[in-house]
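Asker: just need the structure, nothing else, for what follows:
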Amino acid sequence: MWKTLALAVSVLAIAVLGISAAPRLLPASAAPEPLPIALPAQPALKTFTAVCRDAAVVNRKPDPAWVRQSYIGDNCEAPSQPAVIDGYTASREKIVAGMAAAKRYAAAADRFRQCVSAFVAERKTDSVRSLTPSQVIIQNHRILASEKSQETVAAQMNMAIMAFNSYGSDCPM
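Answerer: Below is the predicted model:
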């Protein structure tokens, strides 16, 4: 009972006197002392240097084999990616051949995506042999994987060309 009465009086005192007066009502031993904060006198003189990468193509994982193979009788097979060329050691002829291989790959990848898209569109209109939702998702994944693979091949070829131009071309800079 005394606790309830003391609590009611303290709430009433805070309400009447205001919140700013409440700390004065508490005993001095109840208030914790503030902890000292150590601030550095000067900012650190040594900083880390920036590490920059020039549009490097880091991820070179191939897609699983099932992405490239024909699926549920669609007769669409994804093309194989061309070999990666090291522009620092490649000759001009090898760079030109790599550019042609990248263009052929892009055209073949476009045909693959068109083939898969036509198959899905045909099956969506066919009420007897329609695709299940999971089959549509897999076909969409095959299309997206092909697009990503085409972007990777183009980026790798651009990196090889930049490396060739900066080092392997024997041109004065």
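
Asker: list the contacts for Pro79?
Answerer: 105, 108-109, 112 (C-beta atoms under 8 Å, 6 or more residues apart in numbering). C-beta coordinates here come from the backbone N, C-alpha and C atoms, glycine included.

Asker: so it, which of the three states?
Answerer: coil (DSSP: H, G, I helix; E, B strand; the rest coil).

Asker: gap between it and Phe119?
Answerer: Taking C-beta to C-beta, to the nearest Å as the measure, Pro79 falls 17 Å from Phe119.

Asker: hmm, which helix or strand of the chain has the shakiest average pLDDT?
Answerer: helix 22-25 (a mean of 53; mean pLDDT, DSSP states H and E).

Asker: low pLDDT regions in the protein?
Answerer: 1-3, 5-9, 11-64, 66-67, 168-173 (pLDDT under 70).

Asker: on that earlier part again, out of the contacts of Pro79, which sit inside helices?
Answerer: 105, 108-109, 112 (DSSP state H).

Asker: quick one: which of those residues is nearest Asp86?
Answerer: Nearest to Asp86, judged by C-beta to C-beta, of those is Tyr105 at 18.0 Å.

Asker: now do the same contact list for the nearest residue to Asn75 once chain neighbours are set aside.
Answerer: The shortest distance from Asn75 to any non-neighbouring residue, by C-beta to C-beta, 6 or more residues apart in numbering, is to Cys115 (7.4 Å). By C-beta under 8 Å, 6+ apart, the contact list for Cys115 reads 74-76.
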